[in-house]
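K.L.:
No letters, just coordinates:
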């Protein structure tokens, strides 16, 4: 069983650790770095709770090994808000639109939508629903989440004007 | 669960990776990891060595050589979705990609991984079958090319030998303006299909069908080429009778059965989906059949 020294950036901060080859990125974030915002759900890439940005692209951190993040840049849900925990526009929209109940899926939803709204600032409801097929929510029925995404898109556009 | 312990290797070159495959005991190649790592987490797969292809230079990207589209094994599905080469030379693949997993998995998943994993219901192998693809496989004795018809070798098994690496796939050319359609039925968006159908059509100046390709996933262990459906279409005018005749060839299929669907249901799906895929292909080639499918 091999171990490897890795250097990576998480939410803008550099980290250096030694990891086993088999350690998944999500377990690395939670157990080695204490960043427990990223959730472990199904561990086979279906539920989306562990979604992080890897070099700016959404990815399942349960299907990526920590060693593969060597030299790369990771963003987790902890990287979205302000330095004192202020909610960003998308997070506030989730709060305002009842975009969560139990909150387990929320970190993955926020990361997926962060990438999505960056690439597609004027989404239709159908496009929002399409991108959310990769994130399961068992509480809300998605209505609040879709509303939050569209609300955040509108506010982000207004802020840019 | 967590993967069983293994040694991780990050080769920089293809030669290095081939050397590792030849010398290590019980190795497994890691591409996008969207199927493999899930199987490792569940310990369906226990490998002693993981050889990561993500660090190998030169395995990703598309190129057009003599009108044939060549796609490197490590090209991400998401890149293919937006690739101009794919849009021009294999629009069927772009259509099929909208059914492959989710954005988050397509960001990582690769075409080589999809082909080597060889799930019987996977979309990309079905596209490659319709395009008469050649699969490029590298080993210690050099590179060989395998026609897609000989690529499948049973349930989730391919012509790639244990010490070889799938390096690229080359798609057979279809002329500009050809028709294409991909339809599938899945229980949830982004799931592997229960059954899926791909169709390609080339129409002549007289609007008769010059050439047709129809393939299915989810009915056999490998993508199934529906030569009977192709024969039913070729040489005819594209009308509802021709589409019906092509779809009806599904009635003699003896599909696989698993927890998702029995053989009768798959046979029914195959007929319906061939019809819809061929109608879509016709529309793109310039013949709209009224009343839809």
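P.N.:
Nice, thanks for sending it over. These numbers come from a predicted model, not from an experiment.

K.L.:
just checking, residue A:100 touches residue A:106?
P.N.:
Yes: Residue A:100 is within contact range of residue A:106, at 4.7 Å (criterion: CB atoms under 8 Å). Where C-beta positions appear, they are placed from N, C-alpha and C, glycine not excepted.

K.L.:
Common neighbours of these two, please.
P.N.:
Shared contacts of residue A:100 and residue A:106, defined by CB atoms under 8 Å, 6 or more residues apart in numbering or on different chains, comprise residue A:94.

K.L.:
Below-threshold pLDDT in chain B: ranges please.
P.N.:
Residue ranges of chain B with pLDDT under 70: B:290-293.

K.L.:
Not counting its neighbours along the chain, what's nearest the residue in the stretch 51-200 of chain B positioned nearest to chain A?
P.N.:
The stretch 51-200 of chain B approaches chain A most closely through residue B:102 (2.8 Å), counting by CB to the nearest CB. Distance criterion CB to CB, 6 or more residues apart in numbering or on different chains; nearest residue to residue B:102, sequence neighbours excluded, is residue A:134 at 2.8 Å.

K.L.:
Spit out the contact partners of the one you found.
P.N.:
Shown in contact with residue A:134 (CB under 8 Å, 6+ apart): A:48, A:51, A:58, A:112, B:101-105, B:190.

K.L.:
Kindly recompute the last result at 6 Å.
P.N.:
Residues near residue A:134 by CB atoms under 6 Å, 6 or more residues apart in numbering or on different chains: A:48, B:102-104.

K.L.:
pLDDT on the helix ranked longest in chain A, on average?
P.N.:
Using DSSP state H to define each element, chain A has its longest helix at helix A:143-160. Averaging pLDDT along helix A:143-160 yields 97.

K.L.:
Would that helix count as contacting chain B?
P.N.:
No: using CB under 6 Å from any CB of the partner chain, helix A:143-160 never reaches chain B; the gap is at least 13.7 Å.

K.L.:
Would you mind measuring from the most centrally placed residue in chain A to residue A:15?
P.N.:
The centroid of chain A falls nearest to residue A:111 when counting by CA atoms, centre = their mean (2.8 Å). Distance from residue A:111 to residue A:15, counting by CB to CB, to the nearest Å: 19 Å.

K.L.:
what's next to stretch B:147-158, contact-wise?
P.N.:
Identification of contacts with stretch B:147-158 by CB under 6 Å, 6+ apart yields B:118, B:128-129, B:133-135, B:159, B:221-222.

K.L.:
Show the end-to-end separation of that stretch, please.
P.N.:
Criterion CA to CA, to the nearest Å; first-to-last residue distance in stretch B:147-158 is 12 Å.

K.L.:
can you list the residues of the stretch 151-293 of chain B near chain A?
P.N.:
Counting by CB under 6 Å from any CB, the stretch 151-293 of chain B comes close to chain A at B:189-190.
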